[in-house]
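Okay, predicted coordinates and the sequence, questions at the end:
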Protein chains: 2
Amino acid sequence: MVKDKPQPLAPLRMVGTVESAAPDGEYLQIGEVAALTGLTQRTLRYYEELQLLDPPTRLAGGFRLYSPADVARLRHILRLKGLLGFSLAEVKAIINAEEVQLRPTPNPTDAATVRRRLTQLDHVIANTAGQLDLLDRKLTDMTQLRADLATRLHDLSAQRTTLQAEHDGAQVSAASEYA
Amino acid sequence: MVKDKPQPLAPLRMVGTVESAAPDGEYLQIGEVAALTGLTQRTLRYYEELQLLDPPTRLAGGFRLYSPADVARLRHILRLKGLLGFSLAEVKAIINAEEVQLRPTPNPTDAATVRRRLTQLDHVIANTAGQLDLLDRKLTDMTQLRADLATRLHDLSAQRTTLQAEHDGAQVSAASEYA
DNA sequence: GGTCACGTTTACGTAAGCGTAAAAGATAGT
DNA sequence: ACTATCTTTTACGCTTACGTAAACGTGACC
């Protein structure tokens, strides 16, 4: 499961001139983010290429600098993909829809604009509700699976103890032969 | 999302001679199984090719006949794949491992055999426990995601009612212009 | 200023998981 | 026997989600 080059994680922690006048606080380089998330650098660049991640700020030399927000967004992507099984294209659509509604109304009390935002909001709400439904279905299914697995594990343990006793018994009788 | 050919699902329910002397009860043809599971016929044949499904019994003419057990196995495959995100190769390994331990010990009380079965059992138990752990991690993560989604949905609804009031207010004042 | 680990872009490669068409045979109904 | 609807196998194609190499620049350190 080792990806990329061996990359024995080494020094390199610079404060070289940042281009985007970023306040530089908890910014991470691509290798660190990769190690943090278990992804490869290739994958991070790929996600950026697909515009799942917005272009990170860059160090003067061109090195990517990921903000905590970038990392958070990445985590969100990963759970949409890993937990709900969405494709990257679907994930992109979802997070784009999410971004849209983050501004709490710029308050342009124009009637037509408000109506447009209303129907737009309704779409987003419907989508979110749909995701919730999907998630709930998955949750119930997984709970069922969990029960099945637990039962199976229990049965296996029982079988094991039985076998163990059988084995000990055989050993004892074998030992008694030499007693 | 429509797969295969349109296949307007038609008659065809025969009792033509079954080859494998199957008692014929709830046997289904491939198209019916496909409709039942949401998979395509191609996918069913593909799974069979990967030996995820064991070769179904065939009608004299060569048509596949799936037993309820086959369908059950298929469902199990689908939840391992869909819920836990295993690849088909991993699924195959898992169900193979599962099959092995279904026989409740043929009772060959040979000491060496018993020991082999014990370590074998231990492996299966470890794997099952591992799956349970994975599932539990997923469950907690999904619960978290559910909470986030619910919060978001709540916020969106609140935003909607606010906007709706705003809209109504605008309508009212506009209407009052003509009163 | 050399070195070394880390980063950059560009581009071809690939494995999984099917889709899709082609040509043909099977079943049931008329 | 004819037809409509199912099924069969064979085989090439395709998309997603990255892997992997090549060639080259960068940042920090000695």
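Alright, I've got the coordinates.

Can you list the residue ranges for strands in chain A?
Along chain A, counting by DSSP state E, strands occupy A:57-58, A:64-65.

how about the last one, does it get close to DNA strand C?
Yes. Using C-beta under 7 Å from any atom of the strand, strand A:64-65 reaches DNA strand C at residue A:64. Using the backbone N, CA and C atoms, a C-beta is placed for each residue, glycine as well.

ok, that strand: who's next to it in the sheet?
Paired with strand A:64-65 in the same sheet, following DSSP bridges, are strand A:57-58 (antiparallel).

So which elements touch the worst-scoring helix or strand of chain A on mean pLDDT?
Across the helices and strands of chain A, mean confidence by mean pLDDT, DSSP states H and E is lowest for helix A:111-177: a mean of 88. In terms of contacts (3 or more C-beta pairs under 8 Å, 6 or more residues apart in numbering or on different chains; DSSP states H and E), helix A:111-177 is packed against helix A:88-100, helix B:111-177.

Please list all residues in contact with the closest residue to residue A:143 other than its chain neighbours.
Nearest residue to residue A:143, sequence neighbours excluded (C-beta to C-beta, 6 or more residues apart in numbering or on different chains): residue B:139, at 7.5 Å. By C-beta atoms under 8 Å, 6 or more residues apart in numbering or on different chains, the contact set of residue B:139 is A:139, A:142, A:143, A:146.

in stretch A:72-86, what counts as buried?
A:73, A:74, A:76, A:77, A:78, A:79, A:80, A:81, A:83, A:84, A:86 (16 or more other C-beta atoms under 10 Å in any protein chain shown).

As JSON lines, the residues you listed with pLDDT would be great.
As requested, the buried residues of stretch A:72-86 are arranged in JSON lines below (pLDDT from 0 to 100):
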{"residue": "A:73", "pLDDT": "97"}
{"residue": "A:74", "pLDDT": "98"}
{"residue": "A:76", "pLDDT": "97"}
{"residue": "A:77", "pLDDT": "98"}
{"residue": "A:78", "pLDDT": "98"}
{"residue": "A:79", "pLDDT": "96"}
{"residue": "A:80", "pLDDT": "97"}
{"residue": "A:81", "pLDDT": "97"}
{"residue": "A:83", "pLDDT": "95"}
{"residue": "A:84", "pLDDT": "95"}
{"residue": "A:86", "pLDDT": "97"}
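
so which of the residues you listed also contact chain B?
Within the set of the buried residues of stretch A:72-86, contact with chain B (C-beta under 8 Å from any C-beta of the partner chain) is found for A:79, A:83, A:84.
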